[in-house]
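Student: The following comprises the amino acid sequence and a computationally predicted model.
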Amino acid sequence: MSRPQLERDISLLPGLAAVGLFVVLAVAFLSVELPDPSGFGADAALMKSIGAAMFGFEASNVVSDGTPIASEGFLLAFEIIDFLLVAALVGSIMLARREKGGKNVTIAATTETEETTPVAADGGERGGDDT
């Protein structure tokens, strides 16, 4: 039995460069001073404000209880573009599937039938000498 052998005459430079880059990025991320997150107040009407922003309404006109959240008026356009991009991504995946024998490849299913002879209950073939 043979085992795969590792190549021993390789350069360590790419590995050391990756470790060095990791150290530089770790120091940069750990040394940055971020302000405390502000969040929303306890009485913020977040869902009502998002609903108002989707249809371009002023949040203060929709929110009756709680504090309205200021937002932009392009939320509905963003959601429509999001839906179209997801549909384009799914369509591109469907078009990029490889074909096998002129038929589309299906995931986790096979449509091919095996040509085997049926086996009798005693282990012999049907249609043999014992039938």
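Tutor: Looks like it came in fine. Computed from a predicted structure; not experimentally measured.
Student: Now do the helices in this protein.
Tutor: With helices called from DSSP state H, the chain shows them at 13-31, 46-54, 59-62, 75-96.
Student: what separates stretch 9-18 from the chain centre, distance-wise?
Tutor: Remark: stretch 9-18 is offset 32 Å from the chain centroid, using Cα atoms, centre = their mean, to the nearest Å.
Student: and it, how far apart are its ends?
Tutor: 19 Å (Cα to Cα, to the nearest Å).
Student: contact partners of it?
Tutor: Counting contacts by Cβ atoms under 8 Å, 6 or more residues apart in numbering, no residue outside stretch 9-18 touches it. (Each C-beta comes from the backbone N, C-alpha and C, glycine too.)
Student: and if you look at stretch 48-57?
Tutor: Contacts of stretch 48-57 (Cβ under 8 Å, 6+ apart): 58-59, 61-63, 66, 68-73, 75-76, 79.
Student: Can you say which of the helices of the chain is packed in most?
Tutor: The highest mean neighbour count among these, using mean count of other Cβ atoms under 10 Å, belongs to helix 46-54: a mean of 17.
Student: how distant is it from the center of its chain?
Tutor: 27 Å.
Student: that older thread, which one of the contacts of stretch 48-57 is nearest residue 28?
Tutor: Of all these, residue 28 sits closest to residue 72, with 31.3 Å by Cβ to Cβ.
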